[in-house]
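Enquirer: quick one, structure for this:
(chains A, B, C and D)
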There are 2 protein chains.
Amino acid sequence: MENDTQTNIMDAAQSLILDNGFSGTTVDAIIKRAGVSKGAFFHYFSSKADLAHALVMRYAEADAQHLENNMEKAEALSDDPLQQMLIFVKLFEQEMNALSEPYPGCLFASYLYQSELFDEQILEIIHRWMLRWRGRVKDKLEEVADTYPPDREVDLSSLADMLLVTFEGAFVLSQSVEEPETIARQLSHYHSYLQLLFNP
Amino acid sequence: MENDTQTNIMDAAQSLILDNGFSGTTVDAIIKRAGVSKGAFFHYFSSKADLAHALVMRYAEADAQHLENNMEKAEALSDDPLQQMLIFVKLFEQEMNALSEPYPGCLFASYLYQSELFDEQILEIIHRWMLRWRGRVKDKLEEVADTYPPDREVDLSSLADMLLVTFEGAFVLSQSVEEPETIARQLSHYHSYLQLLFNP
DNA sequence: TTTTAAATACCAACTGGTTGGTATGTTAAT
DNA sequence: ATTAACATACCAACCAGTTGGTATTTAAAA
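Expert: Reported below is the predicted structural model:
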């Protein structure tokens, strides 16, 4: 165990922020959920904003890892770019299908809905995270388009964005419609769209 | 002018809430932006929560009207269900292309990112709003599927949801990527997907 | 190996500014 | 003269952050 208490505080804070937003989450609520004192909180974080910063860093790192893992998994399972891309999407689809209530949300989206409250540094991290997604997916889509030139013209940047859009939009929807398959079904439409675009 | 001050307060509150979230928006900030006194605020709204309720009602009503307008416009321009549906999407696409910074957001989404803070009544209104979208779009998609039976099996409920998902996801993305066409481009992909699904 | 000094990891009472909300007006129309 | 439409001064609860402490671990000196 490296630093149990700190991680404990961050976990408690993240789940509260996903439910109530950043400014809807008080430090008192965080320490209560984490079962630590106020002294402990301000021992590890110099301010509430500092916590926000630490959370965004951790989330970005974990997500980048996740993205890379799934891409490598997909590339190991096929040599064909289109198949790789389709498997890549299917992996997320399966993950989303596997999890149960409560439905997940995106920490970054919950930050962006309070964007005025955060400094440029945090917004910059979120921005780079988006560009990383777009870049990684777009690279793969370019391979696909080279191998299977589509009939109609396709803007690969926005097609890459569409995967993130699908996630974020489905997260919002799943907050209100109580159907566990919601997110996976939306990913499945993205999957179908890619097939229709690039298949003969 | 029916009730200038009240509308003024609601407009100020809505734009602040879209930027900072509900709990990130103080009553003092609202009355400052609206240029009214605290007495005026609590004359028209019994509490901050009451304001939230009024906002959600107004937003739901305006959006329902908007949805109906675009559907009727589309139905007036063609007799073919697929064309109607494609025009319907194109109308939103044009609207999104027409507007300039700052990019819009969805009041309901900003509420859902603070969902724990709101009572069941407000959440219920948001839920009904989603079901209305799904219902209205799904009805049209059923006409389309009857006229042009698709090759593959298509789940029309989630395909209807996909339009809302596209909006909500694109709103999130547009908060961080500074490209005005982002939202319209995503809608354009939905447009293409429908064409590919239902065209011979 | 024991003693000692210093840093770390907490705790819980407290503080001062902020917040949603109220009390007590004033003004103008009906 | 009553009511609607505000304005201003104020309050109590709440909030992020501070203070002054203690227990425990680490490190180095004796």
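
Enquirer: residue contacts, the residue sitting nearest the centre point of chain A?
Expert: Ranked by distance to the mean C-alpha position of chain A (CA atoms, centre = their mean), the top residue is residue A:106 at 5.5 Å. If a contact means CB atoms under 8 Å, 6 or more residues apart in numbering or on different chains, then residue A:106 has A:167, A:168, A:171, B:172 as its contacts. Backbone N, C-alpha and C define where each C-beta goes, glycine included.

Enquirer: may I ask which helix or strand encompasses residue A:176?
Expert: Using DSSP states H and E, residue A:176 maps to neither a helix nor a strand.

Enquirer: hang on, I meant residue A:16
Expert: Going by DSSP H and E, residue A:16 is in helix A:4-20.

Enquirer: give the other helices and strands that that helix contacts.
Expert: Secondary-structure packing of helix A:4-20 (3 or more CB pairs under 8 Å, 6 or more residues apart in numbering or on different chains; DSSP states H and E): helix A:27-34, helix A:38-44, helix A:48-77, helix A:107-112.

Enquirer: for chain B, find the nearest of these.
Expert: Closest to chain B of the helices and strands packed on helix A:4-20 is helix A:107-112 (CB to the nearest CB; 4.3 Å).

Enquirer: by contact count, what packs against the closest one?
Expert: Helices and strands touching helix A:107-112, by 3+ CB pairs under 8 Å, 6+ apart, are helix A:4-20, helix A:48-77, helix A:120-147, helix A:156-174.

Enquirer: could I get the average pLDDT for the first one?
Expert: Translated: helix A:4-20. Mean pLDDT, computed over helix A:4-20, is 96.

Enquirer: does residue A:137 really touch residue A:163, like I thought?
Expert: Yes: proximity of residue A:137 to residue A:163 meets the contact threshold set by CB atoms under 8 Å, at 5.7 Å.

Enquirer: now the contacts of residue A:106 in a markdown table, with distance to DNA strand C and neighbour count?
Expert: Compiled in a markdown table, the contacts of residue A:106 are given as follows (distance: CB to the nearest atom of the strand, whole Å; neighbours: other CB atoms under 10 Å in any protein chain shown):
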| residue | distance to DNA strand C | neighbour count |
| --- | --- | --- |
| A:167 | 31 | 23 |
| A:168 | 27 | 24 |
| A:171 | 26 | 27 |
| B:172 | 25 | 28 |
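
Enquirer: ok, so of these, who is nearest residue A:52?
Expert: residue B:172 (17.9 Å; CB to CB).

Enquirer: was I right to think that closest one contacts residue A:170?
Expert: No: with contact defined as CB under 8 Å, residue B:172 does not reach residue A:170; the gap is 11.1 Å.

Enquirer: how's chain A carved up into domains?
Expert: Chain A breaks down by automatic domain parsing into domains covering A:1-45, A:47-198.

Enquirer: out of those domains, which is closest to residue B:28?
Expert: Ranking these by distance to residue B:28, with CB to CB as the measure, places domain A:1-45 first at 14.3 Å.

Enquirer: which residues of chain A lie near DNA strand C?
Expert: With the criterion set to CB under 7 Å from any atom of the strand, chain A comes near DNA strand C through A:3, A:4, A:5, A:6, A:36, A:37, A:38, A:39, A:40, A:42, A:43.

Enquirer: if we use 6 Å, what do you get?
Expert: A:5, A:36, A:37, A:38, A:39, A:40, A:43 (CB under 6 Å from any atom of the strand).

Enquirer: returning to what we had before: in CSV, list the domains of chain A along with distance to DNA strand D.
Expert: Output for these, formatted as CSV (distance: least, CB to the nearest atom of the strand, whole Å):
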stretch, distance to DNA strand D
domain A:1-45, 3
domain A:47-198, 3
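
Enquirer: distance to residue B:67 added to those, as JSON lines?
Expert: As requested, these are arranged in JSON lines below (distance: least, CB to CB, whole Å):
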{"stretch": "domain A:1-45", "distance to residue B:67": "27"}
{"stretch": "domain A:47-198", "distance to residue B:67": "16"}
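
Enquirer: which one of those domains lies nearest to residue B:25?
Expert: Of all the domains of chain A, domain A:1-45 comes closest under CB to CB, at 8.6 Å.

Enquirer: now do the same for the residue in chain A that DNA strand C sits nearest to: its pLDDT.
Expert: Going by CB to the nearest atom of the strand, DNA strand C is nearest to residue A:39 of chain A, at 1.8 Å. Listed pLDDT for residue A:39 reads 95.

Enquirer: any idea how far it is from residue A:197?
Expert: 57 Å (CB to CB, to the nearest Å).

Enquirer: more neighbours: which of the two?
Expert: The residue with more neighbours, out of residue A:39 and residue A:197, is residue A:197; 21 against 8, by other CB atoms under 10 Å in any protein chain shown.

Enquirer: helix or strand for that one, just tell me which one.
Expert: Element membership for residue A:197, per DSSP H and E: helix A:182-198.

Enquirer: next one: that helix to chain centre, how far?
Expert: Mean-position distance between helix A:182-198 and its chain equals 18 Å (CA atoms, centre = their mean, to the nearest Å).

Enquirer: is it correct that residue A:199 is in contact with residue A:149?
Expert: No: assessed by CB under 8 Å, residue A:199 is found out of contact with residue A:149, at 11.7 Å.
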